[in-house]
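Asks: just need the structure, nothing else, for what follows:
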Amino acid sequence: MLPENVLETAAAEMLDYKDSGQSVMEMSHRSKVYDEIIKDAEKLLREVMQIPDNYKVLFMQGGASSQFAMVPMNLMTKSGKADYVVSGEFSTKAYQEAEKYGDCKVVASSKEDNFSHVPSFDESEFRADADYLHYCMNNTIYGTFFSEIPNTAKVPLVSDISSCILSRPIDVSKFGVLYAGAQKNVAPAGLTIVIIREDLLGEPIKQTPAMFTYKTISDSDSMYNTPPCYSIYICKLVLEWIKNDIGGLDKMAERNIKKAQILYDFLDSSKLFKGCAEKNSRSIMNVTFVSASEELDNKFIKESTAAGFVNLKGHRSVGGMRASIYNAMPVEGIEKLVAFMKKFEEENS
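Replies: Now for the predicted structure:
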């Protein structure tokens, strides 16, 4: 979901961006007018996320899934070892991809409990000579979130923040690499954001393609090839909305916590519905829940879809329902969902 005023601005500028005579979709990425767009997007991201000066911001393609390979290809080049926390489907895929490039170890996992919670960290399992430790901060499918940042000492920390980027403040300085597919909270699909500490740009493994080399993208200021221009433009508009309309990430966090609490409070009091994620692992971006039976789940999905609620069906590995309440979802949307759920409960209890 994107903010309405962002969509309205994009619509107004669709045919002619700031008297350039062109749509952003049409202009050269090497042009002066587009250079201002991408530089403004980076400047705003740095400001909103408070990114330190010794970090590079890369605008890339390929989604977070491409980072599953890029991270080991660029970082697992000293000891050839990496530690992984497995807390859901995407961290599992990241681990499986990294195994192709070196010695990977699962240092924490909640797979045995069907990922209903995030695993606790046993720091004695972390390897001091690992090139990095990787974890996925927010798990969309299972509705879980790591509120604790693992202490890896001198080992660089890498995190997939695709589904929680810009939802609350993050201390970037605690991480070596942060990466995110932008399509949850930032922009349309197509843009991948990578925030990397400069000392980690280094030299990748010999066979790494130029397009998969962080240093190549950094040295060319994200212009090694044509970047996802329109998604970066929308990213800029979204960042302006967060800064000017919301008031920054502290205010965004307050808004998101309030939204999630409305839904969790109902789930905790409901006699028909219950949340899937354990309370100490709950995500404020993705709320997973079930009813009393699979039959009722299917009925709820059918009736809620007819009532105008979009994409409430849960992932096939979990079943049930999932409400993804990303940044642009207003409080009113949550209130309407809870009202519908109350009505459904009354009619089916």
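Asks: can you report phi and psi for the residue nearest the centre of the chain?
Replies: Nearest to the geometric centre of the chain sits Ser162, at 1.6 Å (C-alpha atoms, centre = their mean). With angles defined as degrees, to the nearest 10, Ser162 sits at phi -50, psi -40.
Asks: and it, how far is that from Leu178?
Replies: 10 Å (C-beta to C-beta, to the nearest Å). (Glycine included, C-beta is placed from N, CA and C.)
Asks: one more: Leu157?
Replies: 9 Å.
Asks: looking at these two, which is more packed in?
Replies: For the pair Leu157 and Leu178, the greater number of neighbours falls to Leu178 (24 against 20), based on other C-beta atoms under 10 Å.
Asks: who does the more buried one form a beta bridge with?
Replies: Leu178 forms beta bridges with Ser159, Ile195, as assigned by DSSP bridges.
Asks: got a list of contacts for stretch 140-149?
Replies: Under the criterion C-beta atoms under 8 Å, 6 or more residues apart in numbering, residues 87-90, 110, 114-118, 121, 135, 137-139, 157, 162-164, 171, 174, 184, 275-278, 280-288, 315, 317-318, 322, 324 lie in contact with stretch 140-149.
Asks: start and end of stretch 10-28, how far apart?
Replies: 18 Å (C-alpha to C-alpha, to the nearest Å).
Asks: list the contacts of Ala210.
Replies: Taking C-beta under 8 Å, 6+ apart as the criterion, Ala210 is in contact with 216, 224.
Asks: now with 6 Å, please.
Replies: Counting by C-beta atoms under 6 Å, 6 or more residues apart in numbering, Ala210 touches Thr216.
Asks: tell me the pLDDT of Tyr179.
Replies: On pLDDT, Tyr179 comes in at 98.
Asks: is it in contact with Val194, as I believe?
Replies: Yes. Taking contacts as C-beta atoms under 6 Å, Tyr179 lies within contact range of Val194: 4.7 Å.
Asks: can you pull out the helices in the stretch 1-150 of the chain?
Replies: 4-12, 32-49, 63-75, 89-98 (DSSP state H, counting those that start in this stretch).
Asks: which one of those helices lies nearest to Ser218?
Replies: helix 63-75 (10.7 Å; C-beta to C-beta).
Asks: give me the contacts around that closest one.
Replies: 93-94, 97-98, 101, 131-132, 158, 160, 162, 179, 181, 192, 204-205, 208, 212, 214.
Asks: what mean pLDDT does that helix get?
Replies: For helix 63-75, mean pLDDT rounds to 97.
Asks: now do stretch 198-206
Replies: 93.
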